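[1] structure, please.
(chains A and B)
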Amino acid sequence: MAEKTVPSVQEDRAPSRREETREHERYITPPVDIFETKDGLTVVADLPGVEQRGLDVRVADGILTLQGRTAHLAPGTPIEREYELLHFYRQFELPEEVDTEKIAAELKHGVLTLRLPKKEKAKPRKIAVSIS
Amino acid sequence: MPVWDGFSELEALQREMERRAANIWTGQGRAPRVAFLPGRGARQYPLVNVSDDERNVYVEALAPGVDPKSLDLSVMQGALTIKGEKPGLAQVSAEAYHRNERAAGRFLRTVELPVEVDAVKVSADYRNGLLLVTLPKAESARPRQVPITVR
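    Coordinates of the predicted model:
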């Protein structure tokens, strides 16, 4: 699977201190595992802090796009911050044999599992000849 | 006990210096680090964010894909210990991988708490791969309104 990944910072315009605080232009590339079985491909991505309704998985023109909106759980005033949850974004180019109609997705404990089945190949068929 | 702790102040300063040094290297104002690589990464996992309000201290840990039954929390002597295991993918042979960036394994981390807490009333919630531990502050650590008598 070829990959397309957006740069983590997209800043074409003149950088200013204020612009940098606008987090919606910054993304995190989630770590993924991709493996192949005889039925198809499985993509597993770590998306901590993403709820089901904040997750967007789509396929268009053979490109799979994962997008996740994150939310922290902890209220209060920060004392120490070791990580920052920005939104997740990553794209993959799908091989042609994937049946995009049958992709199944499951989100559990902040981990997304996508099953991408292969297309049913034309099976050899014996054609019965009727005698008239 | 609000005793001034020079060592923890120094540690906080050191962390701050490290954080800034890391930012210089990556060339970004705030480098987003959201790794959770128990058994693979060199540092201690999970990463935590600590916050507080008047009543509680909150520790939020970044731990996607953890088996909730394996999570074990304990509070002792002003420190919270988080223990658990992230299960790996079952029965995938090495050749089948196109990409293998995630990690799995056991983890253990102790987080120093900024104030004294009531260990009996600690509660925890695991949701969307984040663990939120709510630690009520001990009576002595809570802010108290001091009444003023006007004569």
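[2] correct me, but A:L94 touches A:T65?
    No. A:L94 lies out of contact with A:T65 (CB atoms under 8 Å); the separation is 10.6 Å. C-beta: built from backbone N, CA, C; applies to glycine.
[3] could you count how many residues lie near B:Y97?
    Per other CB atoms under 10 Å in any protein chain shown, the neighbour tally for B:Y97 reads 14.
[4] quick one, phi/psi of it?
    Dihedral pair for B:Y97: phi -80, psi 130, per degrees, to the nearest 10.
[5] likewise for B:D72?
    phi -140, psi 120.
[6] who's in contact with it?
    For B:D72, the contacting residues are B:I82, B:K83, B:G84, by CB atoms under 8 Å, 6 or more residues apart in numbering or on different chains.
[7] in contact with A:E36, which residues?
    Counted by CB under 8 Å, 6+ apart, A:E36 has contacts A:T42, B:A96, B:H98.
[8] strands of chain B, start to end?
    Assigned strands in chain B, in chain order: B:47-52, B:56-62, B:72-76, B:79-86, B:97-100, B:105-112, B:123-127, B:130-136 (criterion: DSSP state E).
[9] just put these in CSV and tack on mean pLDDT.
    Listed next are the strands of chain B as CSV, based on pLDDT from 0 to 100:
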stretch, mean pLDDT
strand B:47-52, 94
strand B:56-62, 95
strand B:72-76, 93
strand B:79-86, 94
strand B:97-100, 88
strand B:105-112, 93
strand B:123-127, 95
strand B:130-136, 96
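[10] of the contacts of B:D72, which is the nearest to chain A?
    When the contacts of B:D72 are compared for distance to chain A (CB to the nearest CB), B:G84 wins out at 11.3 Å.
[11] if we can go back for a sec, of the contacts of B:D72, buried ones?
    B:I82, B:G84 (16 or more other CB atoms under 10 Å in any protein chain shown).
[12] how about CSV for the contacts of B:D72, with distance to A:S132 added?
    Below are the contacts of B:D72 laid out as CSV (distance: CB to CB, whole Å):
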residue, distance to A:S132
B:I82, 78
B:K83, 77
B:G84, 72
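[13] residue contacts, B:D52?
    By CB under 8 Å, 6+ apart, B:D52 lies in contact with A:G76, A:T77, A:I79, B:Y58, B:P114, B:V115, B:K137.
[14] who are the neighbours in contact with the fourth one?
    Which is B:Y58. For B:Y58, counting by CB under 8 Å, 6+ apart, the contacting residues are A:A74, A:P75, A:G76, B:V50, B:S51, B:D52, B:L132, B:V133, B:T134, B:L135.
[15] what does the fifth one give?
    Contacts were defined as CB under 8 Å, 6+ apart; by that measure B:P114 touches A:I79, B:V50, B:D52, B:V57.
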